[in-house]
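**Q** One predicted model, sequence on top.
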Amino acid sequence: MTSQHKNWAGNYEYQAARVHHPDTIEHVQELVRDSHKVKALGTRHSFNTIADTDQDHISLNQLNKVVSLDRDRRSVTVEGGIRYGELCEYLNSEGFALHNMASLPHISVVGACATATHGSGDRNGNLATVVSGLEIVTADGEIRVLSRHDNDFAGAVVGLGGVGVITNITLDIVPRYQMRQDVYLNLPRTQLEANFEAILSSAYSISLFTTWQTPAFEQVWLKSRVEDNASFWDKDSFYGAAQATAPTPPIAEVPVENCTEQMGVHGSWNERLSHFRMNFVPSFGEELQSEYFVSRQNALLAFARIHALGERLVAHLLISEIRTIAADDLWMSPCYGQACVAIHFTWRQNWEAVQKLLPLIEAQLQPLQARPHWGKVFTLSPDYVASCYEKLPDFQRLLSQYDPAGKFRNAFLDQYIFAS
């Protein structure tokens, strides 16, 4: 009998026959050892089948504690079920911070890192780039510990759920800092084209929002560290964009109260880096999401190609967001070996319609070697996805070494990792 639990947006119903909620690592080990097919289940913020199984789901929601804080080494170790909002509140109270956050604080740390989820900023790698250690329950139920010094580490961090159940994860942290958030409206495309590098490096974290319907990006969100006085934007305009005169949500139908504070008001990093507040509905709610990463040098061409499709998208698109991510060396990260610009789409929850639109977008981005976000919806072929990852053969060997019988494999991994 299939379970009735769905992902947070309600577009996907998981097929697991059983869902377990262990409250000790020993129980996790026992469950893994006794299972034939098993997958860890995080906060259910993926939009596709990457975390699904038809047998045993292990939810880590009861293993969500801070294990230790090392002030001298500036690192924190947490259990596999902790969410960013919970971790960030703890770190801030202890005088520390993370380098970056995704738009939602509701997501689990382990799940976000395993899929290379990201925030924004020229100098900021995706969230997995600050992982320095992993404790993994492998297919035999034993615990394996990896650190940055281990050869397998760069493959295991963005592991797509295939290496095992991550029960503890260690992250680099930095001293606590203050931020402000400023919003500007209607940035002309011509200004972005003429001042691309200056605009995308103008704040610690920057997001551009658009519906691809006008010759402008409708919103620019600038998140600036208070210590960096050069980043302050107490100006009426920003490259032709007008300063917002009131708090503005990225999607018109989202209550502005759900968003983190704007209007240049200073606040702690954990109350500004994400777009949405922890105790409110994240984003739109009932939605679909897709996202594609292109190299920074191909970004303007990618924008032009999507703008040309604008009229085809309007009925089903809620918003697109543009963010920048630094290059990294994690094997299955979309930013492996290249600084990227991510083009994100939030769709109304109509898969029949979106499924027809995605190939149009992908046909424009595929010649630019766009890589899809692992946890969102896409229709790119397995052969194409495989061609984007030069370390895929090493990753295949890693998963086969850790999980020789395929206990953690599922339809998604079979299709996109092991099909080639």
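**A** Structure received.
**Q** Next, Gly375: secondary structure please.
**A** Using DSSP: H, G, I helix; E, B strand; the rest coil as the criterion, the local structure at Gly375 reads coil.
**Q** can you give me the helices in the stretch 151-300 of the chain?
**A** Secondary structure of the stretch 151-300 of the chain (DSSP state H, counting those that start in this stretch): helices at 153-156, 189-194, 196-200, 299-307.
**Q** need these in CSV with mean pLDDT, can you?
**A** Shown next, in CSV, are those (pLDDT from 0 to 100):
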stretch, mean pLDDT
helix 153-156, 98
helix 189-194, 97
helix 196-200, 95
helix 299-307, 98
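**Q** Throw those into TSV and include mean neighbour count and distance to Asp403, thanks.
**A** No exception for glycine: its C-beta is placed from N, CA and C like everyone else's. Conversion of these to TSV gives the following (neighbours: other C-beta atoms under 10 Å; distance: least, C-beta to C-beta, whole Å):
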stretch	mean neighbour count	distance to Asp403
helix 153-156	22	12
helix 189-194	15	45
helix 196-200	15	39
helix 299-307	18	36
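**Q** Redo those helices as a markdown table? Include distance to Leu273.
**A** As requested, the helices of the stretch 151-300 of the chain are arranged in a markdown table below (distance: least, C-beta to C-beta, whole Å):
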| stretch | distance to Leu273 |
| --- | --- |
| helix 153-156 | 25 |
| helix 189-194 | 23 |
| helix 196-200 | 17 |
| helix 299-307 | 22 |
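**Q** The ones you listed: which one's closest to Glu253?
**A** With C-beta to C-beta, the closest approach to Glu253 among these belongs to helix 299-307: 21.8 Å.
**Q** Report all helices and strands that the closest one contacts.
**A** Using 3 or more C-beta pairs under 8 Å, 6 or more residues apart in numbering; DSSP states H and E, the elements in contact with helix 299-307 are helix 189-194, strand 317-325, strand 340-348, helix 351-365.
**Q** Out of those, flag the one nearest Gly141.
**A** Using C-beta to C-beta and comparing the helices and strands packed on helix 299-307, the one that lies nearest Gly141 is strand 317-325, at 35.6 Å.
**Q** Now that closest one: average pLDDT?
**A** Predicted confidence along strand 317-325 averages 97 (mean pLDDT).
**Q** go on, stretch 105-120?
**A** The average of the pLDDT scores along stretch 105-120 is 93.
**Q** check contacts around Gln364.
**A** Contact analysis of Gln364 by C-beta atoms under 8 Å, 6 or more residues apart in numbering lists 302, 305-306, 308-309.
**Q** how much space is there between it and Ser320?
**A** Counting by C-beta to C-beta, to the nearest Å, the gap between Gln364 and Ser320 amounts to 13 Å.
**Q** same deal with Leu134?
**A** Leu134 sits at a distance of 33 Å from Ser320 (criterion: C-beta to C-beta).
**Q** The two: who's more crowded?
**A** When Leu134 is set against Ser320 and neighbours are counted by other C-beta atoms under 10 Å, the residue ahead is Leu134, at 26 against 23.
**Q** For that one, grab phi and psi.
**A** With angles defined as degrees, to the nearest 10, Leu134 shows backbone torsions of phi -130, psi 140.
**Q** coming back round to it: among the helices of the stretch 151-300 of the chain, which comes closest to Thr138?
**A** helix 153-156 (10.5 Å).
**Q** Centroid-nearest residue for this protein?
**A** If you average the C-alpha coordinates of the chain and look for the closest C-alpha using C-alpha atoms, centre = their mean, you land on Thr117, 2.1 Å from that point.
**Q** can you tell me which residues contact that one?
**A** Thr117 makes contact with 102, 107, 111, 126-128, 373, 375 under the criterion C-beta under 8 Å, 6+ apart.
**Q** Then His99?
**A** Contact partners of His99, counting by C-beta under 8 Å, 6+ apart, are 124-125, 130, 172, 174.
**Q** do you know how far the residue nearest to Pro215 when sequence neighbours are not counted is from Ser320?
**A** Closest residue to Pro215 apart from its sequence neighbours, by C-beta to C-beta, 6 or more residues apart in numbering: Arg189 at 5.1 Å. Counting by C-beta to C-beta, the gap between Arg189 and Ser320 amounts to 13 Å.
**Q** Quickly list what's touching both of these two.
**A** Applying C-beta under 8 Å, 6+ apart, one finds that no residue jointly contacts Arg189 and Ser320.
**Q** show me what contacts Glu218?
**A** Glu218 is in contact with 185-186, 209-211, counting by C-beta under 8 Å, 6+ apart.
**Q** filter those residues to the buried ones?
**A** By neighbour count, with 16 or more other C-beta atoms under 10 Å, these hold 185, 209-211 as buried.
**Q** can you tell me which of these are in strands?
**A** Taking DSSP state E, the ones among the buried ones among the contacts of Glu218 that sit in strands are 185, 209-210.
**Q** how close does Glu218 get to His21?
**A** If you go by C-beta to C-beta, the gap between Glu218 and His21 works out to 42 Å.
**Q** Which one of the helices of the stretch 151-300 of the chain lies nearest to Ala327?
**A** So among the helices of the stretch 151-300 of the chain, helix 153-156 is nearest, using C-beta to C-beta, at 13.1 Å.
**Q** For that closest one, which helices and strands make contact with it?
**A** Helix 153-156 is packed against strand 131-137, strand 143-147, helix 392-402, with contacts defined by 3+ C-beta pairs under 8 Å, 6+ apart.
**Q** where does the chain dip in pLDDT?
**A** Low-confidence segments of the chain (pLDDT under 70): 1-4, 229-234, 280-285, 420.
**Q** Can you tell me the closest non-neighbouring residue to Val354?
**A** Leaving aside its sequence neighbours, Val354 sits nearest to Trp347 (C-beta to C-beta, 6+ apart; 4.8 Å).
**Q** same thing with Ala114?
**A** In space, not counting the residues next to it along the chain, Ala114 is nearest to Gly159; the distance is 5.4 Å by C-beta to C-beta, 6+ apart.
**Q** tally of neighbours for the one you found?
**A** For Gly159, the tally of surrounding residues (other C-beta under 10 Å) stands at 26.
**Q** where's the nearest residue to Leu222 once chain neighbours are set aside relative to Ser108, distance?
**A** Nearest residue to Leu222 in three dimensions, chain neighbours excluded: Ala203, at 4.0 Å (C-beta to C-beta, 6+ apart). Summarising the geometry, the distance separating Ala203 from Ser108, computed by C-beta to C-beta, is 27 Å.
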